[in-house]
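**Q** the sequence isn't on hand, but the structure is:
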């Protein structure tokens, strides 16, 4: 329990981020066996809550001037759950279940992991010794909340499963839903070298 005692308030907010992401994943899995719409509506609420926690933990740590040694790593691990794995599971549960879709979703999560690892490894160099990173290299992984919003709109319109926008096509032996390209674009943007000013 000594590790828990070392946590500061910002760390608990970060863990809440991961908790919301895991709850969203479980609800997506519940939908696979029991297709009640309330499961998805809850997911579309939980993931924005995770984003609020992601923003709030940094704000609290800065305001209280209390950061733990684990803070940055906790943040990255929570982000990969809430903004990498959870959106990918959501896409799969909503109907992107072809083999090509699965490969794109795996690519998306892999890009998210790579982007966070790159940030952690280069944060010190990017800060120019000031301790504050001036820009992101590649889009931050929480930007995947845009995909969640788009999927929420599609769900609201009943455009899921076999009614996904742009339909499906057979590419070789497997089915592909072009809508899954949202994830490919998002993942590629995360591992790009585009510089985005950090607020």
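**A** Looks like it arrived, so ask away. Everything numeric here is computed off the predicted structure, so don't read it as measured data.
**Q** ranges for the helices of the protein?
**A** In the chain, the segments counted as helices under DSSP state H are 2-6, 9-33, 37-64, 71-80, 86-93, 99-126, 145-156, 181-190.
**Q** dump those helices to CSV, plus mean pLDDT and distance to residue 168.
**A** Glycine gets a C-beta too; all of them are placed from N, C-alpha and C. Output for the helices of the chain, formatted as CSV (pLDDT from 0 to 100; distance: least, CB to CB, whole Å):
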stretch, mean pLDDT, distance to residue 168
helix 2-6, 70, 47
helix 9-33, 89, 18
helix 37-64, 86, 20
helix 71-80, 88, 28
helix 86-93, 96, 13
helix 99-126, 89, 9
helix 145-156, 96, 14
helix 181-190, 97, 12
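**Q** winner for burial among these?
**A** Of the helices of the chain, the one with the most neighbours on average (mean count of other CB atoms under 10 Å) is helix 86-93, at a mean of 25.
**Q** packing partners of that one?
**A** If you count contacts as 3 or more CB pairs under 8 Å, 6 or more residues apart in numbering; DSSP states H and E, helix 86-93 packs onto helix 9-33, helix 37-64, helix 99-126, helix 145-156, helix 181-190.
**Q** and of those, who's closest to residue 169?
**A** Among those, the nearest to residue 169 by CB to CB is helix 99-126 (9.1 Å).
**Q** quick one: that closest one to helix 181-190, angle?
**A** 20 degrees (axes from the mean of the first three to the mean of the last three CA atoms, to 10 degrees).
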